[in-house]
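Visitor: Quick one, fold the following:
(one chain, ligands or ions: 1)
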Amino acid sequence: MKPAAFQYHQPSSVTEATDLLAEHEHDAELMAGNQSLGIVMANRLATPEHIVDINGVDELDYVDVATERVTIGALTSHRTIETSAALADALPMFPAAAEQIAGPSVRNLGTLGGSVGEADPAGNYPAVLTALDGDLHVASADGERTVAASEYFIAYMFSDLAEDELITGVSVDREPFPAERTGMAFLEQKPAAQTWPTISAAAVIRIDDPDADAPVVEEARLALANAADVPLRVEDAEAAVEGESLVEAPLASAADAASEAAEPGEEMHADAEYKEELAGEYTRRSLETAYERAVDTTDTTTP
Ligand SMILES: Cc1cc2nc3c(=O)[nH]c(=O)nc-3n(C[C@H](O)[C@H](O)[C@H](O)COP(=O)(O)OP(=O)(O)OC[C@H]3O[C@@H](n4cnc5c(N)ncnc54)[C@H](O)[C@@H]3O)c2cc1C
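Guide: As a prediction, the model looks like this:
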């Protein structure tokens, strides 16, 4: 099937784009990489009268790794995030998550803003932003606002974004993640290389002293993708490993907590019980990997 007819707009600035959204509010759809929108429109599950193609809005395509915060523009492609050395140093979870999205053609075109805009609970960046306590920056013709990731994802593919708003970028505070004693991991289980994951786990571990014989976990973060209607932060799993030197018992408690917290939907190749098991197993693996990386920060192997 082909998409229904639409009027095509090519703004070259955020102001032009938000003016178009304000003018055509209920009938307009933003287009970024078109890797998800194109499928939905081709199947006529969406029939917007106006397409606002933001690919010419160059001000939204950037990665800024500053001392205190990392900010990434909405139009930044998965490929740029995957290959950013500055991000790999500061917040390696971003490149690890980006490199596991689909295949090269999707990663070359798909964007951070498109992924967060569609708010799929199976999406990689939604889980990353949930684990890292990120912020989303949003603009409309009325001005700008910032919303915490913890408040942005409201229900299945439904977010706090209004119809006349555009995501301009995301940011993450670096202070909780000192590189010399922090490890991050983004691990996925998928049925085939270029498909969406059955379960993904985004984990962060900050330890007290990498030179200690048995470094203790000062802070843990754990978020799961595709384990519920929204990206799922599992605070009970975090609490299970905090204050511990990471050995089998706390990891097993964290895994149990994640299985318990998961409320996954059924899929063709994975029933809910299997996904709950995976939620536990990938929690265990991702926390363990993050801990090992925190102890040995020279290990930059991704994911
Ligand atoms: C085969 C395949 C496998 C995939 N596997 C994965 C995977 O494993 N993990 C994963 O995370 N993703 C996966 N994806 C999705 C991929 O990441 C998409 O690129 C992404 O979800 C959408 O990005 P886009 O730039 O193409 O957005 P588009 O398709 O252009 O837009 C998607 C939606 O976001 C809105 N939007 C776009 N930009 C903005 C903005 N700046 N502000 C507000 N709303 C905006 C659009 O209006 C639209 O509703 C997969 C896609 C395919 C085709």
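Visitor: what's the average pLDDT for the longest helix belonging to the chain?
Guide: Taking DSSP state H as the criterion, the chain has its longest helix at helix 272-295. The average pLDDT for helix 272-295 rounds to 97.
Visitor: For it, list every residue counted as buried.
Guide: 274-276, 278-291, 293-295 (16 or more other Cβ atoms under 10 Å). Where you see a C-beta, it was placed from the backbone N, CA and C, and this is true even at glycine.
Visitor: now that helix, how far from the chain's geometric center?
Guide: Going by Cα atoms, centre = their mean, to the nearest Å, the spacing between the C-alpha centre of helix 272-295 and its chain's C-alpha centre is 17 Å.
Visitor: How about stretch 80-93?
Guide: Relative to its chain's centre, stretch 80-93 lies at 14 Å (Cα atoms, centre = their mean).
Visitor: quick one: is that stretch near the ligand?
Guide: No - contact of stretch 80-93 with the ligand is not found when judged by Cβ under 6 Å from any ligand atom; the minimum separation is 10.8 Å.
Visitor: Need the distance between the two termini of that stretch.
Guide: 14 Å (Cα to Cα, to the nearest Å).
Visitor: Which helix or which strand is home to the residue most central in space within the chain?
Guide: By Cα atoms, centre = their mean, the chain has its centre lying nearest to residue 125, at 1.1 Å. Per DSSP states H and E, residue 125 falls inside helix 124-131.
Visitor: touching the ligand at all, the helix or strand following that helix?
Guide: Counting by DSSP H and E, the element after helix 124-131 in chain order, helix or strand, is strand 135-140. No - legend: contact between strand 135-140 and the ligand by Cβ under 6 Å from any ligand atom is lacking; minimum distance shown is 7.7 Å.
Visitor: follow-up on the earlier one: check the offset of the helix holding residue 125 from the chain's centre.
Guide: 3 Å.
Visitor: ok, that helix near the ligand or not?
Guide: Yes - residues of helix 124-131 contacting the ligand under Cβ under 6 Å from any ligand atom: residue 124.
Visitor: Give me the buried positions along the least confident helix or strand in the chain by mean pLDDT.
Guide: In the chain, the helix or strand scored least confidently by mean pLDDT, DSSP states H and E is helix 37-42, which has a mean of 92. Neighbour-count burial for helix 37-42 flags 37, 41 (criterion: 16+ other Cβ under 10 Å).
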